[in-house]
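Asker: have a look; sequence and predicted model below, questions after that.
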Amino acid sequence: CTYFPENVSLLFKLYCLTVMTLVAATYTIALRYTRTSDKELYFSTTAVCITEVIKLLLSVGILAKRETGSLGRFKTSLRENVLGSPKELMKLSVPSLVYAVQNNMAFLALSNLDAAVYQVTYQLKIPCTALCTVLMLNRTLSKVQWISVFMLCGGVILVQWKPAQATKVMVEQNPFLGFGAIAIAVLCSGFAGVYFEKVLKSSDTSLWVRNIQMYLSGIVVTLVGVYLSDGAEIKEKGFFYGYTYYVWFVIFLASVGGLYTSVVVKYTDNIMKGFSAAAAIVLSTIASVLLFGLQITLTFALGTLLVCISIYFYGLPRQDTTSIQQGETASKGRASGV
C-alpha cells in the first residue's frame, strides 16, 4: 500500500482512526435505521453487490493513480495480474464468497438486533481471527492475549444474557436469529481476513491489485447470490426496489470503510485500533439511546465495559524477553565465575 507516505505522524494516525471510528459507528446506525424504518424494505443482496462494484472502481482508481504512474503500465498491470491470471482470480474467489456471506449476515443481524448490541457482539471477530491466525499462519498468542479472548467472550455473554431493548423500533425482531447471523459473520470475518493476509504475504503483488482480483470475484459471487436469493422478487419489483438516500449512504460507507481499513491496518498499531473499536461501541450506544430508545441494562453496561477492556489488552505489544533472558544468563555466568 503506497497510498500514503511511510513516515506518518501521530496526528495523521489519529486522523485515520477518527475517520474509521466515525465510519464504523455511522455505518452500523445507518444500516440499522434502513432495516427498521417504515419504508419499503430493499433487497440486502443487491446492496452487497453494488458495494463490491464501488470497491472495485475505487481500487482501480487508486491503482491507476498511485501504483503505476502511467496509463501504459496501468493497462499492463491489469492485463498481467487480472485478465492473465485466472488462477489468482480463483484463489481470491474464496474470500470473496466468504465476505459476501458475512456482509449479508450483517444486514440480517441488524434487522434483528440493536446497533449497540450488534457492535459489541461483533467483536467476537477478534477471538475468531486469533484462532484462524494460530491454525492458518502458525502464530502464537501471549498469555495476556488468551486471557483477553476469554474476557471478551465473557463480556459478549453478559451483553446477550438480557439484551438491551429499543423502545422506538416497532418492527418485529428475532434476537436469536440476529445472534446466529452475527455468529456466522464473525466466523466469516476471521477466516476471510486471515486467508487474505496469507495470500498477500505469499507474493509481492500489490495490495490494490489483490483488491481488484477479490472484488471482481466478489461481483460474480454476489450476482449469483442476488439471483438465487431474490431473483423472482427482483424481476417483479426491480433491482433498486426500496432504495432511498439512506440506503445509498450505507452502501457508500461500506465501500469506503472497507478500503480505508486497509490503510489504517498499515499505518496504525493494535492499541490505537483497539481504542477505535471501543470508541465505535460507545458512539453506537449513545446513538442507539437517542435514535432508537435503547434501554441500557446492567448486564449490557458491564459486558460492554469488559469487551472494551479486553480489546485494549489484546492489542498490547508483546514483550520481547530475548534480551532479558540473555542478560540473566550473562549475569549468572559472571556470578558463577566469581
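Answerer: Thanks, I have the structure now.

Asker: show me which positions of the helix or strand hosting residue 101 end up buried.
Answerer: For residue 101, the element it lies in under DSSP states H and E is helix 86-110. Within helix 86-110, the residues scored as buried using 16 or more other Cβ atoms under 10 Å are 88-89, 91-110. Placement of C-beta: from N, CA and C, glycine included.

Asker: toward the C-terminus, what is the element adjacent to that helix?
Answerer: Sequence order places helix 115-121 as the next helix or strand after helix 86-110, per DSSP H and E.

Asker: contacting residues around the helix or strand following that next one?
Answerer: With elements assigned by DSSP H and E, the helix or strand that comes after helix 115-121 is helix 125-137. With contact meaning Cβ atoms under 8 Å, 6 or more residues apart in numbering, helix 125-137 is reached by 139-141, 145, 149, 152-153, 185-187, 189-191, 193-195, 197-198, 310-311, 314.

Asker: from the chain's centre, how far out does helix 125-137 sit?
Answerer: Here helix 125-137 shows a centroid-to-chain-centroid distance of 14 Å under the convention Cα atoms, centre = their mean, to the nearest Å.

Asker: what is the next helix or strand after it packed up against?
Answerer: Sequence order places helix 143-161 as the next helix or strand after helix 125-137, per DSSP H and E. Under the contact definition 3 or more Cβ pairs under 8 Å, 6 or more residues apart in numbering; DSSP states H and E, helix 143-161 sits against helix 115-121, helix 125-137, helix 298-314.

Asker: dump the C-alpha coordinates for the second one into PDB.
Answerer: These are the backbone C-alpha positions of helix 125-137, laid out as PDB (Å, rounded to 0.1, in the frame of the first residue of the first chain):
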ATOM      1  CA  LYS A 125     -14.300 -11.500  15.400                       C
ATOM      2  CA  ILE A 126     -11.200 -10.900  17.500                       C
ATOM      3  CA  PRO A 127     -11.000 -14.400  19.100                       C
ATOM      4  CA  CYS A 128     -12.200 -16.000  15.800                       C
ATOM      5  CA  THR A 129      -9.400 -14.200  13.900                       C
ATOM      6  CA  ALA A 130      -6.900 -15.200  16.700                       C
ATOM      7  CA  LEU A 131      -7.900 -18.800  16.300                       C
ATOM      8  CA  CYS A 132      -7.600 -18.700  12.500                       C
ATOM      9  CA  THR A 133      -4.200 -17.000  12.800                       C
ATOM     10  CA  VAL A 134      -2.900 -19.700  15.100                       C
ATOM     11  CA  LEU A 135      -4.200 -22.500  12.800                       C
ATOM     12  CA  MET A 136      -3.500 -21.000   9.400                       C
ATOM     13  CA  LEU A 137      -0.400 -18.800   9.900                       C
END
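
Asker: would you mark the buried spots in that helix?
Answerer: Buried residues in helix 125-137 (16+ other Cβ under 10 Å): 125-133.

Asker: and it, average pLDDT?
Answerer: Helix 125-137 carries an average pLDDT of 85.

Asker: save the buried residues of helix 125-137 as TSV, and put in distance to residue 176 too.
Answerer: Output for these, formatted as TSV (distance: Cβ to Cβ, whole Å):
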residue	distance to residue 176
125	20
126	23
127	21
128	20
129	24
130	26
131	24
132	25
133	29
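
Asker: which one of the residues you listed is nearest residue 244?
Answerer: Distances from residue 244 to those, taken as Cβ to Cβ, are shortest for residue 125 (29.0 Å).

Asker: could you list the low-pLDDT ranges of the chain?
Answerer: Within the chain, the stretches with pLDDT under 70 are 1-16, 37-40, 66-72, 160, 162-171, 260-276, 317-338.

Asker: residue ranges for the helices of it, please.
Answerer: Remark: helices assigned in the chain by DSSP state H are 10-36, 44-62, 71-78, 86-110, 115-121, 125-137, 143-161, 175-201, 207-237, 245-267, 270-292, 298-314, 322-337.

Asker: before I go, just wanted to say thanks for your time.
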